[in-house]
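>>> Give me a 3D structure for the following:
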Amino acid sequence: MRRAVCPGSYDPATNGHLDIIERASSLFDEVVVAVLINKSKKGLFSIEERMEMLREVTAKLPNVRVDSWHGLLVEYCRRNDIAAIAKGLRSVSDFDYELQMAQMNRELSGVETLLMSNNPTYSFLSSSLVKEVATYGGDVTQMVPEHVHERLTARLAERA
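Numbering: from 1, shown residues only. Next up, the predicted model:
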């Protein structure tokens, strides 16, 4: 079975994330969407909330499952028999960083990295930018899945 992981913080998941997950799911038998646990960072959504939203937006993809991890991604891959990491590239600066990570991961464990160019429609998207725009009342409905938008709007209203 060919398995890949799509790692990220997904705080919140964007349409750009979903595009990469969907495309990876057509290339691999199983795709694990792995939410990074970083205890030093306080996210807008808890790990459990992010995982719940991801399960909802990937429900139509039968070969996708959602999990979480902390520590080295290559260790997660080793423990879960995952041979590839699938990541999206928005820009040249993303490429520089991701190439270095891909080479390190391959050196450490033999895990390959598939760097996928983002759909140009989503090339400017990041979770941080979406949160910032939404915080100031900007319309992000076309940038995130509908369910994520509802949760994002509700969370920002709670904090206001």
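>>> pLDDT on the longest helix along the chain, on average?
Looking across the chain with DSSP state H, the single longest helix is helix 92-109. Helix 92-109 comes out with an average pLDDT of 91.
>>> what packs against whichever helix or strand comes after it?
Sequence-wise, the next helix or strand downstream of helix 92-109 (DSSP states H and E) is strand 112-117. The elements that strand 112-117 packs onto, with contact taken as 3 or more Cβ pairs under 8 Å, 6 or more residues apart in numbering; DSSP states H and E, are helix 15-25, strand 84-89, helix 92-109. From N, CA and C alone the C-beta is placed, and that goes for glycine too.
>>> 6 Å instead, please
In terms of contacts (3 or more Cβ pairs under 6 Å, 6 or more residues apart in numbering; DSSP states H and E), strand 112-117 is packed against strand 84-89.
>>> how much does the helix or strand residue 67 falls within deviate in direction from helix 15-25?
Per DSSP H and E, residue 67 falls inside strand 64-69. Using axes from the mean of the first three to the mean of the last three Cα atoms, to 10 degrees, the inter-axis angle of strand 64-69 relative to helix 15-25 is 110 degrees.
>>> what's next to strand 64-69, contact-wise?
With Cβ atoms under 6 Å, 6 or more residues apart in numbering as the test, strand 64-69 has contacts from 25, 31-35, 37, 47, 51, 54-55, 58, 76.
>>> got the angle for the one helix or strand in the chain whose mean pLDDT sits lowest vs strand 112-117?
Lowest on mean pLDDT, DSSP states H and E among the helices and strands of the chain sits helix 92-109, with a mean of 91. Per the same axes, to 10 degrees, the angle that helix 92-109 makes with strand 112-117 is 170 degrees.
>>> For helix 92-109, buried residues please.
94, 98, 102, 105 (16 or more other Cβ atoms under 10 Å).
>>> How far off centre is that helix?
Taking Cα atoms, centre = their mean, to the nearest Å, one finds the center of helix 92-109 at 16 Å from the center of the full chain.
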